[in-house]
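A.B. asks: attaching a predicted model along with its sequence, questions to come.
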Amino acid sequence: MRSPRAVRRRRPAAVPVTALRALGPAFVAAVAYVDPGNFATNIEGGSSYGYSLLWVVVAAGLVAMPVQFLSAKLGIVTGRSLPEACRERYGRRTTRGLWLQAEAMAMATDIAEFMGTAVALDLLFGIPLPAAVCLTGALSYLMLGFQARRHRPFEVVIAVMLCLMCAGFGYLMLRSGVDGAALASGLVPGAEDNRATLLALGIVGATVMPHAIYLHSALVRRRHVAGTGAEIDRALRAERIDVLVALTLAGVINASMLIVAAGAFHGSGLFEVASLSDAHAALGGWVGPAAALVFALALLAAGMSSSGIGTLSGQIVMEGFTGARIPMVVRRGITMAPAVLIAMAGWDPTQALILSQVVLSFGIAPALVPLLLITRDRAVMGRHANARPVTALYALIAAAIIALNAFLLWLVLVP
């Protein structure tokens with residue numbers, strides 16, 4: 001029999017494997033950052049305004065990293081998801097209000113994911129939009145059934161899809177052409193008009209997704225260990241790497257979407273490519289059939305992966321805030337209803353996508369503010385509670401998002 005001393009000497013050799021296995025939860029959450037809503041807002045932004053909104057994509061991606069890590073930190077340290085922590089901390093009325101707005105955000109999320117996947121199925125196979133929406137629901141069930149069996153294979157599949165999207169848009173960038181000087185100028189903050197401001201807010205809503213904040217805290221709960229010792233510190237360090245790698249990849253994909261639209265459309269005088277179908281047709285006509293095929297496949301990968309993630313996060317929201325659990329089939333049927341109605345009514349799917357992203361931007365603060373208040377509480381987080389400078393940084397992020405929402409309301413309500 002080996003002595004305990006011998007076993008302890010062997011542990012350092014296992015560190016690389018542990019670090020590799022740490023990658024996963026952030027990749028699942030990162031799917032929310034490259035869903036079809038991002039396609040719609042980034043493509044319209046690049047087509048209409050060239051590279052001028054690139055700074056919004058970069059800024060939103062940088063904001064997303066500390067937000068997602070804070071969500072993961074809550075799950076690792078406490079073993080609870082954000083909705084569960086809210087239910088324990090707040091009264092019934094506050095918890096119910098948070099739950100209802102989170103459900104509204106889940107429906108807005110499903111609009112983006114279902115409509116995007118349906119458009120991709122139509123572009124690739126000619127399936128009518130209402131039938132494509134229903135097929136998307138069935139595909140999302142398959143994704144969730146795979147996740148229910150084992151976490152790790154599901155995380156690997158999601159990571160592969162993200163890498164495929166990155167490769168696809170890398171190819172499109174090479175074929176579309178990039179104006180280096182204009183790209184550099186797009187990193188300078190500014191907005192040309194109210195429409196650009198609306199698109200900028202839609203980009204923020206499509207990037208920093210409320211359901212990703214709820215989801216990430218639940219995905220890492222299995223890494224929680226009792227106490228506040230070295231195991232938690234190790235898990236937090238690993239999660240920082242996970243978040244950095246996954247969200248950097250998502251940020252590259254997001255930026256490449258806008259860069260492709262700016263180079264292929266705006267640079268060619270196509271200033272009004274405002275739908276996913278138009279983008280597909282324009283890529284086929286101006287860049288080539290292969291580019292159009294790559295675009296449709298990337299859109300399908302984004303929609304399929306994000307539709308399953310949206311349902312999973314919706315289940316976490318309901319369980320956490322209410323303590324109730326309903327069958328996944330019923331859950332999916334409720335949240336996909338608005339997308340089905342939009343498809344049957346014949347509304348423009350891309351404009352529905354953009355509107356859903358603007359709606360989602362209003363759900364960021366109700367998720368972020370409770371997360372900030374809970375993680376700064378030493379009674380909950382112990383020695384892992386946020387330090388004052390960290391709290392100030394997150395408060396600034398929340399205040400900026402709330403200010404953007406107020407400005408959007410002013411633009412919409414004031415003639």
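C.D. replies: Thanks, I have it.

A.B. asks: now do the closest residue in space to residue 104 that isn't next to it in sequence against residue 369, distance only.
C.D. replies: Leaving aside its sequence neighbours, residue 104 sits nearest to residue 363 (Cβ to Cβ, 6 or more residues apart in numbering; 7.3 Å). Placement of C-beta: from N, CA and C, glycine included. To residue 369, residue 363 is 11 Å away according to Cβ to Cβ, to the nearest Å.

A.B. asks: how about residue 239?
C.D. replies: 22 Å.

A.B. asks: looking at those two, which is more packed in?
C.D. replies: Under the criterion of other Cβ atoms under 10 Å, the comparison of residue 239 against residue 369 puts residue 239 first, with 25 against 17.

A.B. asks: isn't that one right up against residue 29?
C.D. replies: No. Residue 239 is beyond contact range of residue 29, at 10.8 Å (criterion: Cβ atoms under 8 Å).

A.B. asks: what number of residues lie near residue 77?
C.D. replies: Considering only other Cβ under 10 Å, residue 77 is surrounded by 23 other residues.

A.B. asks: secondary structure element for it, which one?
C.D. replies: helix 54-78 (DSSP states H and E).

A.B. asks: go through that helix and flag the buried ones.
C.D. replies: 54-61, 63-78 (16 or more other Cβ atoms under 10 Å).

A.B. asks: just want the angle from the next helix or strand after that helix to helix 54-78.
C.D. replies: The helix or strand immediately downstream of helix 54-78 is helix 82-89, counting by DSSP H and E. Here helix 82-89 runs at an angle of 60 degrees relative to helix 54-78 (axes from the mean of the first three to the mean of the last three Cα atoms, to 10 degrees).

A.B. asks: how distant is whichever helix or strand comes after helix 82-89 from the center of its chain?
C.D. replies: Note on helix 82-89: by DSSP H and E, the next helix or strand toward the C-terminus is helix 92-125. In terms of Cα atoms, centre = their mean, to the nearest Å, the centre of helix 92-125 is found 12 Å from the chain centre.

A.B. asks: quick one, helix 92-125 and helix 82-89 angle?
C.D. replies: Using the same axes, to 10 degrees: helix 92-125 against helix 82-89 is 170 degrees.

A.B. asks: so for helix 92-125, mean pLDDT?
C.D. replies: Helix 92-125 comes out with an average pLDDT of 87.

A.B. asks: and stretch 288-303, by the same measure?
C.D. replies: Rounded mean pLDDT across stretch 288-303 is 89.

A.B. asks: which residues touch residue 187?
C.D. replies: Residue 187 makes contact with 54-55, 58, according to Cβ atoms under 8 Å, 6 or more residues apart in numbering.

A.B. asks: can I get these in JSON lines with pLDDT and distance to residue 282?
C.D. replies: Formatted as JSON lines, these follow (pLDDT from 0 to 100; distance: Cβ to Cβ, whole Å):
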{"residue": "54", "pLDDT": "92", "distance to residue 282": "20"}
{"residue": "55", "pLDDT": "92", "distance to residue 282": "24"}
{"residue": "58", "pLDDT": "91", "distance to residue 282": "25"}
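
A.B. asks: closest to residue 178 out of those residues?
C.D. replies: residue 54 (11.1 Å; Cβ to Cβ).

A.B. asks: I'd say that closest one and residue 254 touch.
C.D. replies: No. Residue 54 sits out of contact with residue 254 when judged by Cβ under 8 Å, with a separation of 9.7 Å.

A.B. asks: shaky segments in the stretch 101-250 of the chain?
C.D. replies: 143-153, 191, 202, 205-206, 224-228 (pLDDT under 70).

A.B. asks: I am finished for the moment; much appreciated.
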